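In: Below are the sequence and a predicted model; questions follow.
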Amino acid sequence: MRSIIYILVAAAQLLIAANAFTTPTTTKQIASQLHARPQAQSREVHKNILTRRTINEFEPTLPNNWEKALEKSIEAAIYAPNHKRTEPWRFYLLGPKSIEKVCQLNAEIVSSKKGEEAGQKKLKR
């Protein structure tokens, strides 16, 4: 589950970095762009993957178009290759209480591995 979240976040970061949300794009338009210049698209995706960095200093508010970025990330994840078409992924929308529980659990795991101070720092983020 954690790897799916990381993939979604990374995909959203890549889409935002590529300014994918400046104009509305249909699946048909994306497909035609990919067929028109597949090598250029491949290089662009490769460059974005290699230059992506984790940012741990989060803004207190969500960026503009975050919902659209999340929707596009989930759409991209749905179309990701899977073994024998089993489509093993599951997406969950968490409410505030569940989010708090996940954050607490994450902080506990970090605390057990890196110490209490690291766990508290993780919880503050």
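Out: That came through, no problem.

In: those helices in this structure, which residues are they?
Out: 2-17, 27-36, 38-51, 66-78, 96-114, 116-124 (DSSP state H).

In: Among these, show the one with the smallest mean pLDDT.
Out: Looking at the helices of the chain, the lowest mean pLDDT belongs to helix 2-17 (a mean of 53).

In: Just the buried positions in stretch 117-124, please.
Out: By neighbour count with 16 or more other Cβ atoms under 10 Å, stretch 117-124 contains the buried residues 119, 122. Heads up, the C-betas are built off the backbone N, CA and C, glycines and all.

In: Repeat that for stretch 64-72.
Out: Neighbour-count burial for stretch 64-72 [16+ other Cβ under 10 Å]: 69-70, 72.

In: nearest to Tyr79, of those residues?
Out: Compare each of the buried residues of stretch 64-72 with Tyr79 using Cβ to Cβ and the shortest gap goes to Lys72, at 10.9 Å.

In: And the closest one, how far from Gln41?
Out: According to Cβ to Cβ, to the nearest Å, Lys72 and Gln41 sit 16 Å apart.
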